[in-house]
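[1] Next come a sequence and a model predicted from it.
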Amino acid sequence: MKPAPFDYIAPESVEEALAVLAEAGEDARILAGGQTLSPMLNMRLVEPAVLIDISRLPALDYIRRKNGHIEIGAAATQNALENWPELAAQAPLLAQALPHIGHFQTRNRGTVCGSLAFADPSAELPLCLALLGGEVVLQSASRQRVVKAADFQLGMLSTAREADEIISAARFPVAEAGAGYGFAEMALRHGDFALAAIAVKAGKTGVRIAIGGVADRPMVRNFPAGIEGAALDDALNDLAWDLAAADDPHATARYRRELVRRLGRKTVEEAKSCRV
Amino acid sequence: MPRLKAGEKSRISFKLNGRKVSGDAEPRLLLADFLRHEIGATGTHVGCEHGVCGACTVRLDGVAIRSCLTLAVQANGRRVDTVEGLAEEDGTLSRLQAAFRRNHALQCGFCTPGILMSLEDFLARGGEPDEGEIREMLSGHLCRCTGYSGMVRAVLEIVEEMHEEQNA
Amino acid sequence: MLGTENQTNYIGKAVERIEDAALLSGQGRFIDDLPTAPGTGHAAILRSPHAHADISAIDTSRAEALAGVHAVVTGKDAELWSEPFLVGVRQPMQHWCIATERVRYVGEPVAIVVAESRYIAEDALALIEVEYQTLPAVVEVMAAMAADAPILHSDVGSNLVNERQFNYGNPETAFADATHVVRASVRYPRNSCTPMECFGLVAEYLAAEQSYDVLANFQGPYALHPVMARALKVPGSRLRLRTPADSGGSFGVKQAIFPYIVAMALAARKARRPVKWVEDRLEHLVAANSATGRISNISAAVAADGVIEALELEQIEDCGAYLRAPEPASLYRMHGILTGAYNIPHLAVTNRIVLTNRTPSGLNRGFGGPQVYFALERLMQRIAIELNLDPLDVIRRNLVPAASMPYRAAAGAVLDSGDYQACVSRALKDGGLAELEARRDAARAAGRHYGIGFAAAVEPSISNMGYITTVMTPEERRRAGPKDGAVSTASIAVDPLGAVIVTADSIPQGQGHRTVAAQVAAEALGLRPEQITVNLEHDTQKDGWSIAAGNYSSRFAGAVAGTVHIAATRLAKRLAEIAAPQLNATPEDIVFSGGRLFARDNPDNSLSFGRVAGAGHWSPSSLPENMVPGMRETASWSPDQLVAPGEDDRINGSAAYGFIFDFCGVEIDADTGQVRIDKYVTMHDAGRRLNPALVDGQIRGAFAHAVGAALYEELAYGEDGSFLAGTFADYLVPTACEIPEPLILHHDSNTEATPLGAKGMAEGNCMSTPVCLANAVADALSLDEIALPMTPSHVTEHLHGAERPPSTDRSEAPAQTLPGKGRGLTGSGASLVPAPPGQVWQMLLDPDTLAAIIPGCESMERLGENAYRAVAVIRIGPIRGRFKAVIQLSDLDAPHALTLSGSATGPLGSGAGSGRVTLLADEKGTRISYEYSAEIGGKVAAVGGRMIDGAARILIAEFFKRFAAVAGGTAGETVSLWQRVARLLGLAR
């Protein structure tokens, strides 16, 4: 299980990285933390002509507050975000979700933007981005554009990123005053991909829920602020059916729907209870 | 840094356990393979090559990472620490190593080097992890021999010792 | 003297391991750590992506032409230089080390590349072209026995390759007279112990001597050495097999490296250089080894008080694609002890061995025991429930009484020792059953799902080399000659300076054999364990061994350590004879202590151990009369009680039998169905414990394996034989978060079955724990039946009742999902195109249209009428792969319907599918509707199980989307159909 041959370049600037990418396009892959890409290289599921390693570009290695967002550069690791001192206050949802991503050892290297780029339907960070209505900054040699979460992840492993773009940053809105957040996931073992993951924001004007691991991308739905009891169960039940769950070797579609109903309800209640 | 061409070897140097080492690697060579087969540091083992089992864990600039998901070229000019660097020069086992032996925390010992390197990073970050946190950290490793109880006990002992030292 | 006193210095003590210092500091000597000769080639294996296919052609020319490639080996080379492996039953089946004409499981080796590096060898694999004619596959044993099943081995004519029936006592009468008959049917899944180190070897062909020299992390049994030598067509002496000092676990699994030893020996011969092969994890999971899957139908004739009069057992064994030696041993290891820990006089058994398109089965910790006890102990619970008795009472009323020891079981096992009732009583008391029951009652009162399970098991150790012949009829056995016994060999030597070296045939896999052997030798010689050097690397040309050598059937403590003891005791006796005259004492009075020898009543007058032992080297003339010179003792031991199966088919399959009694409490999360082990108690009688710390370590390890088997692990297959668990993200080995700490209790009995009184104990929890947990889950949820692994998804099938339907006033219909059938994908869809059916029909039959709608089509050529060959690059997210596809249109019903079918293969795997396309005239044009089914196999299925269905759906949807677009675009589209086709073709070209 060894990678096929490729060229390797560790550019010294973002500009240089984008120039190489502009030239190589589809034949290039961006290497950041490598926690998803490297296994695929080892298994030869991916055979790029060139790897562009942005993991050590200082210009991309940052976490900062900016315009009501937490902006996370492409080289910032999940571990760095986990240890960001303001995390619990500014992004309680991320603080809850991060420990579920892989393991200590993989978060040490895996990046926040890399997780978004791969667009795994079960991954936690795309789920959080979708729930919070965050955005992704896409940069190419000739342009920069900002794409909303809802327009970014298009389906199973596919995103709106063009071949000449890198995700230079992700922006997660900071916690809304008065809103409560909840996160729950069911994985077979600690650190596994979620059979279903649920993120909830209970705000003043509504309850917003996002489900990962069931459909081909995180699915978001808005419920009325006061939803509870049978109405909540009804809404979750319809949501569960709408996700078009499929069987796989680890769980049946029906099981995933039950998780949406049951964990969904618990998570909504949890989010409501921590509304301040 | 120039573009390294597929199939062409370049010189890679880094500090391994405090000593400079170098060897030749083509871009695709995994750090685990470079350590083992170019440098001859065979203490780091390869168990899955897809980042799940943790046997190949080493410290890169102090941080525990999978050496099967890292390219040798990525370690160039940096600091790599492996299991070979844990004991004293005269072979005296480190506190962590000794706790592993005392608690029968290993059997075949194949997964152990990676676990030790993870723990070195984990324990260096301070705090007083409880059993749940220790198990969570260890869940980044697979061991088929021990059922993990010996290593959990060993780490709890170390944490307790560190706690007593801080209070002393 | 000689360690026979009750007081010991080292035996029975928790001595720290002598292995650990090296292993903890990166100085282990595992196979891939060892130096290799200059020029050694590195091998990679091309494996079948198909579960069942004929190989019509292999073209290795491009691979051979790649720079750095030394040789490519195929089945042709195997036919030239080797023979098929011997098979344990008389059937015309051929199992070669590399597939010759047909592949029968996903992952079967088809070609081997030897190159300068593993990286280049893998590059070359992608250049080998294999043409397969796929055949229907069969993966379930019941389907495999059906009259119309695809046959794996044509010459056998059936997948049922052996069937035997046994009657012990008078089961028919017992069942006819029974007050109650209680039945259970269970299925044990395929799983594997997956050691952290995979297979590894270095093979060399010594042309001048026409012999092979292989260093491999093989674990035995060495009964496989003759199998390998015969396959290589050399005398055993010309297959030198060596093992490295360290092995990264095995648990039985590394038995199955032996076909690769033969294959790589051939590769070395062809490449004319040593060849190294290190199996990777994907190879390991897909093709290394598996426990047998088994269906068991068990019934008991029971009296009203729960006493069992008779058992009837039908076992249907899934051995996979080949009956690979030592199979069908999984089925017969437990044969003599099918009645478990119970006194059941009458027994009827039917055993069926079935082949399926799965990886061949083999040794895995517990070997046959997990399957047997899953049936037997589930039955015990069913008896209690159906007769309204306490499950503990049912167990206790049937246990073999202590007074009956040694006890001859119905099928022939001779239980050597033990007080099972006492073990149970102590376990219940010391393990706190009363408290556990209170926890259960409180949980249930609060509406939670809590259950308690029990299991009792007899754990066999030190296998009788003859048990496997129980598969033969007495008549066949008479012709074949007797097979029995279990020989162990150990040597102890003292060097001229008095240093002691022990060697033995235990082939350790990480358990700490060196430590225990040092304890045993130190005890006998009055030395400290660290003064004993133990080297357990093994060399078939130089070390003592017999067919029973190796690390399996828990033979170390009972057999090998016992043999070390015999050798050390003999050496001590000689040393005592040398020392006695010098100390004015008789040999019997000599005491060994602290590195010195002295007479029991005169410790002040002593001789150093080194000086006494050195005489054997420095001054043979001073040795007592008739004593042989030199200072080496080699002992071989075989248990007398292990005789061949009798005319009555009774077999004592093992030399010693330990006892286990487990109970546990589990709670099941009402929402997620997750099983949480609240408490687990395991009581063991393993005879004398030579090193209690290592004993508990083995118990914990077996328990962890068992928790995995019970709750997480399965080598999953699709209905088409595709393999679905190729990574450690798919094959779920429990981590530190999933394994609780069991409470381990001991109640040691004395046994004379082994030299030191030790019995095996390293497999027992693999036998007792899965069923104990299953009984607890069944208790919690009041289930009659329960399947392994008890994943949350399975468990909730019993927990959540009927599913709530979607609300009726919803705008969209609920998505259709069909029950999981591995990689069997089905789906349907429809689209409307603004063209009449006749025009759409013509387009469908036009190859240019087809080329335009196949995603990523690079080229297409016509093979025949409505049949095409295409090359397409398929991409899903970052994944990209080139596939060769064959596409066919059939069942044409112009202009109404046709079937579109195809298959594709490439380095990433294979896919096949068909769809029925129907055209219906509509006022706006044509309504095209389609229903499809597809199957995906090979690498993508094995490593991408979680996402591959979704990815395939994307591709299929893409195909029909393109078709709709080609056929008419959207209603407002002004571009003509043909312009659009041309544009797409332009893009495609």
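    On my side now, so go ahead. Numbering: from 1, shown residues only, chains lettered A, B, ... in the order given.
[2] Neighbours of C:Glu785, how many?
    By other CB atoms under 10 Å in any protein chain shown, the residues close to C:Glu785 number 13. Where C-beta positions appear, they are placed from N, C-alpha and C, glycine not excepted.
[3] try the one 4 residues further on
    Applying the criterion other CB under 10 Å, we find 23 residues in the vicinity of C:Pro789.
[4] In terms of helices and strands, where is it?
    Per DSSP states H and E, C:Pro789 falls between elements, in no helix or strand.
[5] got a list of what it touches?
    By CB atoms under 8 Å, 6 or more residues apart in numbering or on different chains, the contact set of C:Pro789 is C:Pro189, C:Asn191, C:Gly708, C:Ala709, C:Ala710, C:Leu711, C:Tyr712, C:Glu713, C:Glu714.
[6] and if we set it to 6 Å?
    C:Pro789 is in contact with C:Leu711, C:Tyr712, C:Glu713, C:Glu714, counting by CB atoms under 6 Å, 6 or more residues apart in numbering or on different chains.
[7] does any part of stretch C:277-286 sit near chain B?
    Yes - contact check for stretch C:277-286 against chain B, using CB under 6 Å from any CB of the partner chain: residues in range are C:Asp280, C:Arg281.
[8] returning to that earlier point: out of the contacts of C:Pro789, give me the one that has the most neighbours.
    Within these, neighbour counts (other CB under 10 Å) peak at C:Leu711, which reaches 28 neighbours.
[9] so what's that residue up against?
    Contact analysis of C:Leu711 by CB under 6 Å, 6+ apart lists C:Val675, C:Pro789, C:Met790.
[10] C:Glu588 versus that one, what's the distance?
    57 Å (CB to CB, to the nearest Å).
[11] Please apply the same query to C:Trp545.
    To C:Glu588, C:Trp545 is 33 Å away according to CB to CB.
[12] quick one, which of those two is more surrounded?
    Neighbour count, other CB under 10 Å: between C:Trp545 and C:Glu588, C:Trp545 has more, with 22 against 12.
[13] Just the local confidence number for residue 180, please.
    Picked chain A for this. pLDDT for A:Gly180: 97.
[14] nope, chain C
    Model confidence at C:His180, given as pLDDT, is 98.
[15] Look up how far A:Pro48 lies from it.
    Where A:Pro48 is concerned, C:His180 sits at a distance of 67 Å (CB to CB).
[16] who's more crowded, these two?
    A:Pro48 (24 against 15).
[17] surely that one meets A:Pro5?
    No - contact criterion CB atoms under 6 Å: A:Pro48 and A:Pro5 do not qualify, at 10.0 Å.
[18] okay, now the domains of chain B?
    Using automatic domain parsing, the domain ranges for chain B come out as B:10-85, B:95-167.
[19] Please apply the same query to chain C.
    The record assigns chain C these domain ranges, following automatic domain parsing: C:36-135+C:197-248+C:253-287, C:160-191+C:290-469+C:643-797, C:487-637, C:825-988.
[20] Of those domains, which is nearest A:Gly34?
    With CB to CB, the closest approach to A:Gly34 among these belongs to domain C:825-988: 12.5 Å.
[21] if I read this right, C:Ala758 contacts C:Arg689, doesn't it?
    No - the pair C:Ala758 / C:Arg689 is not scored as a contact, 7.1 Å apart, by CB under 6 Å.
[22] quick one, which of those two is more surrounded?
    The residue with more neighbours, out of C:Ala758 and C:Arg689, is C:Ala758; 32 against 22, by other CB under 10 Å.
[23] Report the separation between the nearest residue to the more buried one once chain neighbours are set aside and C:Lys233.
    The shortest distance from C:Ala758 to any non-neighbouring residue, by CB to CB, 6 or more residues apart in numbering or on different chains, is to C:Ala557 (3.9 Å). As judged by CB to CB, C:Ala557 and C:Lys233 stand 38 Å apart.
[24] before we move on, what about C:Ala952?
    Applying CB to CB, the value for C:Ala952 to C:Lys233 is 46 Å.
[25] More neighbours: which of these two?
    A count of neighbours by other CB under 10 Å puts C:Ala952 above the other of C:Ala952 and C:Lys233, at 24 against 11.
[26] ok, now which ones touch that one?
    C:Leu825, C:Ile936.
[27] For it, what are phi and psi?
    The phi and psi torsions at C:Ala952 (degrees, to the nearest 10) take the values phi -70, psi -40.
[28] ok, now C:Gly252?
    phi 100, psi -30.
[29] Count the neighbours of it for me.
    C:Gly252: 28 neighbours (other CB under 10 Å).
[30] what's it in contact with, if anything?
    Counting by CB under 6 Å, 6+ apart, C:Gly252 touches C:Leu363, C:Asn364, C:Arg365, C:Phe367, C:Tyr552.
[31] Give me every residue in chain C lying close to chain B.
    Contacts of chain C with chain B, taken as CB under 6 Å from any CB, map to C:16, C:20, C:23-26, C:28, C:33, C:195-197, C:248-249, C:280-281, C:510, C:693, C:697, C:700-701, C:703-704, C:727-729, C:733, C:735-737, C:739, C:741.
[32] centroid residue for chain C?
    Geometric centre of chain C, nearest residue: C:Ser290, 3.0 Å, by CA atoms, centre = their mean.
[33] ok, now how distant is that one from chain A?
    Counting by CB to the nearest CB, to the nearest Å, the gap from C:Ser290 to chain A is 16 Å.
[34] Over to that residue. Which of the three states is it?
    Classification of C:Ser290 using DSSP: H, G, I helix; E, B strand; the rest coil returns coil.
[35] before we move on, back to that, identify those among the contacts of C:Pro789 that sit within helices.
    C:Leu711 (DSSP state H).
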